[in-house]
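Asker: Mind looking at a prediction? Sequence and model below.
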Amino acid sequence: MLGEASIIIPTYNELGNLPVMIDRLSVVSSKIAEDVEIVIVDDNSPDGTGQEANRLAVEHSNVRVIHRPRKMGVGSAIYEGVMAASASNIVMMDADMHHRPEFVPSITNSLQKFDIVIASRFMDSSGMQASSLIRRMATRFGNRLASVLLHLNVRDYTHGFRGYRKSTFLSCYRKEDRGGEFNLRILIEARKRNYSIVEVPYRSEHPGKSQIRNWIRYLHLVVKESLTIRN
């Protein structure tokens, strides 16, 4: 049973992908539950994604749209979406088709027992497709480094396809983490508070978006946090 859930989707220039994502999510939710809310948070996309989100909200009664004045970071977009969400369980996912809507029930089912659920690309029967070998290697290296240095008993620290109990997210999220670094930091905070974390096998079928500067920021954060833990 999918159950009560709010799905948070931050968008920036996803005009082509967003209607496909919403249609696929609608099929999933209509088959399993009636109370699945979709919250789109758009950072004033210049390609018209915000206007398309408005159209989808008219077409689908369970879709809500939050418009922000400019690009302000994925972490802060997720936070605003969570604050506006009506459900006690949250699923966060990208609109670029990297995260498969059909997998949402696996996440929400696991939220019945755990505080945080990660769709993990590094478990048995998992998999990851990236646009280049270098990107795949960088992703694996970054997650392996975090495992070695942080000892959180997690394999996939960076994947943004996750589920949270709303109360867990709000108690662990730090507002200064406006970018993608919140994915890592929130796990560290969750362990400090003894929240339960589980990974479920996930096979990615589409390459995600990442930039070299984001990885440099991530590696710096891993090293910094590992030193804090040791001290």
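Answerer: Yep, it's here.
Asker: Strands along this structure, start to end?
Answerer: For the chain, applying DSSP state E gives strands covering 5-11, 36-42, 63-67, 89-92, 116-120, 162-165, 197-201.
Asker: What sits closest to residue 48 if chain neighbours are left out?
Answerer: The spatial neighbour of residue 48 that comes closest, neighbours along the chain excluded (Cβ to Cβ, 6 or more residues apart in numbering), is residue 15 at 5.4 Å. Placement of C-beta: from N, CA and C, glycine included.
Asker: Could you report the neighbour count for that neighbour?
Answerer: One way to gauge burial is a neighbour count; for residue 15, by other Cβ atoms under 10 Å, it gives 17.
Asker: In contact with it, which residues?
Answerer: With contact taken as Cβ atoms under 8 Å, 6 or more residues apart in numbering, residue 15 is in contact with 45, 47, 48, 49, 52.
Asker: Residue 90 bridge partners, please.
Answerer: For residue 90, the beta-bridge assignment (DSSP bridges) gives partners residue 6, residue 164.
Asker: Residue ranges in the protein under the pLDDT threshold?
Answerer: Across the chain, the stretches falling below the confidence threshold (pLDDT under 70) are 1-3, 30-35, 127-133, 205-215, 227, 229-231.
Asker: hey, where'd the helices end up in it?
Answerer: Counting by DSSP state H, residue ranges of the helices within the chain are 18-32, 49-59, 74-84, 104-110, 133-150, 166-172, 182-192, 212-230.
Asker: shouldn't residue 98 be in contact with residue 159?
Answerer: No: with contact defined as Cβ atoms under 8 Å, residue 98 does not reach residue 159; the gap is 9.3 Å.
Asker: more crowded one of the two?
Answerer: The residue with the greater number of neighbours, taking residue 98 and residue 159 and applying other Cβ under 10 Å, is residue 159; the counts read 23 against 20.
Asker: residue contacts, the closest residue to residue 170 other than its chain neighbours?
Answerer: In space, and not counting its chain neighbours, residue 170 is closest to residue 82: 6.7 Å by Cβ to Cβ, 6+ apart. Counting by Cβ under 8 Å, 6+ apart, residue 82 makes contact with 6, 8, 90, 164, 166, 169, 170, 173.
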